[in-house]
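**Student:** structure for this input, please:
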Amino acid sequence: MARRKQSCTHTTISVKWEDKELFRKYAKSVKETKNGIMNESDSVLFHRILEEYKQNHPLEENATAKKTYPEKPTIKTQLT
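**Tutor:** Numbering: from 1, shown residues only. Below is the predicted model of the structure:
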């Protein structure tokens, strides 16, 4: 499972700039401001896309969060 500090509600995901530019093309307009049109935040857009993905790709009943990288195995030694 992903680790996080208990008080944190958001995380940072590193993506390539070309992927970010493509991602932002899916942002919807939220409202008109005096400076122009305000669009969805990355967080709102990610949530919307994830919800759509979940509808089309259901998880197995016993699915768990997966780590990105494997952990080094710990070696237990006995003292004699």
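**Student:** from now on I want contacts and neighbour counts done on CA atoms only, so please keep to that.
**Tutor:** OK.
**Student:** what about residue 20, how many neighbours?
**Tutor:** By other C-alpha atoms under 10 Å, 12 other residues sit near residue 20.
**Student:** buried residues, the host helix or strand of it. List them.
**Tutor:** Using DSSP states H and E, residue 20 maps to helix 17-24. For helix 17-24, burial by neighbour count (16 or more other C-alpha atoms under 10 Å) applies to residue 24.
**Student:** now stretch 63-80
**Tutor:** Within stretch 63-80, no residue counts as buried by 16+ other C-alpha under 10 Å.
**Student:** quick one: mean pLDDT over that stretch.
**Tutor:** Mean pLDDT, computed over stretch 63-80, is 78.
**Student:** and for stretch 44-54?
**Tutor:** On average, stretch 44-54 scores 96.
**Student:** and the nearest residue to residue 32 once chain neighbours are set aside, how close does it get to residue 68?
**Tutor:** Leaving aside its sequence neighbours, residue 32 sits nearest to residue 38 (C-alpha to C-alpha, 6 or more residues apart in numbering; 6.0 Å). Distance, residue 38 to residue 68, using C-alpha to C-alpha, to the nearest Å: 34 Å.
**Student:** show me where this protein has its helices.
**Tutor:** Listed in chain order, the helices found in the chain under DSSP state H are 17-24, 42-56.
**Student:** format those helices as TSV; extra columns: distance to residue 64.
**Tutor:** Formatted as TSV, the helices of the chain follow (distance: least, C-alpha to C-alpha, whole Å):
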stretch	distance to residue 64
helix 17-24	26
helix 42-56	14
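**Student:** rewinding a little: pull the residues that contact the helix holding residue 20.
**Tutor:** residue 42 (C-alpha atoms under 8 Å, 6 or more residues apart in numbering).
**Student:** alpha carbons only: can I get it in PDB?
**Tutor:** Extracted in PDB, the C-alpha atoms of helix 17-24 (Å, rounded to 0.1, in the frame of the first residue of the first chain):
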ATOM      1  CA  TRP A  17       5.500  17.200 -19.800                       C
ATOM      2  CA  GLU A  18       4.000  15.900 -23.000                       C
ATOM      3  CA  ASP A  19       1.700  13.600 -21.000                       C
ATOM      4  CA  LYS A  20       0.700  16.600 -18.800                       C
ATOM      5  CA  GLU A  21      -0.100  18.700 -21.900                       C
ATOM      6  CA  LEU A  22      -2.300  15.900 -23.300                       C
ATOM      7  CA  PHE A  23      -3.900  15.400 -19.800                       C
ATOM      8  CA  ARG A  24      -4.800  19.100 -19.600                       C
END
